[in-house]
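In: sequence plus predicted model, see below.
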Amino acid sequence: MTDNQIKRSIYDSPEDGYRKLFDQYHSYVYTIVFQILRGCGSQRDVEDCVVDVFSDVLIHYDSSYEGSIKAFIGTVAKNKAINLKRSISTRSFRTVSMDEMEIPLPSQQNLQEEAELSDRARILIDKVKELGEPDSTIIIQKFFFDRDSKQIGKIVGMSSTAVRMRCSRSLKRLRTVLEELDITL
């Protein structure tokens, strides 16, 4: 569906037009928001931000606007996600006095085990990122967010069959790379 068709639909029937707009650009908005909030926001934060983006578009978009709908929505999505990221970042840092903290001192063995696990996790994340897009997003969505191939397909704009195939191939490549580093999953 083209921008002009969507604009015409919004003009003729706002409810139907905005539904078409949502259907057309949901994956696009989700991808933008997810990329910005990937390191700090939860899945719920991403979904809420996507809803906020479309809410702002519904309130502020003028169908007589001559520019690209995609550019308008992309800008709104980017700005909303950046503002939410700032908000989350400021909430997560709180100064705590040493008296308030009750941290038991770990044993030397626990420290070593935690350091090894942390190193493995860092290496694993780095190797998943090295797979490139959309493979890294597919692996992260499947194993970190426990999404099925249909949900992942909507996020990355692929069929569920293609997602399963890419996931399978990516896992084989990942296992090979990790075996070279003597890391087993």
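Out: Great, that's in hand.
In: show me where pLDDT drops low in this structure?
Out: By pLDDT under 70, the low-scoring segments of the chain are 63-65, 91-117, 184-185.
In: helix, strand or coil for the residue nearest in space to the middle of the chain?
Out: For the chain, F34 is the residue whose C-alpha lies nearest the centre (Cα atoms, centre = their mean; 2.5 Å). Here F34 is helix, with the state taken from DSSP: H, G, I helix; E, B strand; the rest coil.
In: and it, what is it in contact with?
Out: 46, 137, 155 (Cβ atoms under 8 Å, 6 or more residues apart in numbering). C-betas here are computed from N, CA, C, even on glycine.
In: go on, H60?
Out: Counting by Cβ under 8 Å, 6+ apart, the residues that H60 touches are V76.
In: from T75, how far off is it?
Out: Here the criterion is Cβ to Cβ, to the nearest Å. By it, H60 lies 11 Å from T75.
In: quick one, phi psi at K7?
Out: Main-chain torsions, K7, degrees, to the nearest 10: phi -60, psi -40.
In: show me where this structure has its helices.
Out: Under the criterion DSSP state H, the chain contains helices at 3-12, 14-37, 43-60, 69-92, 108-130, 135-143, 149-156, 160-180.
In: got the domain boundaries for the chain?
Out: Here the domain parsing of the chain from automatic domain parsing is 3-92, 108-180.
In: quick revisit: CSV for the contacts of F34, including distance to I82 and neighbour count?
Out: Putting the contacts of F34 into CSV (distance: Cβ to Cβ, whole Å; neighbours: other Cβ atoms under 10 Å) gives the following:
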residue, distance to I82, neighbour count
V46, 13, 21
T137, 20, 22
I155, 20, 20
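In: and which of the residues you listed is nearest K172?
Out: Checking the contacts of F34 against K172 with Cβ to Cβ, the nearest one is T137 at 17.4 Å.
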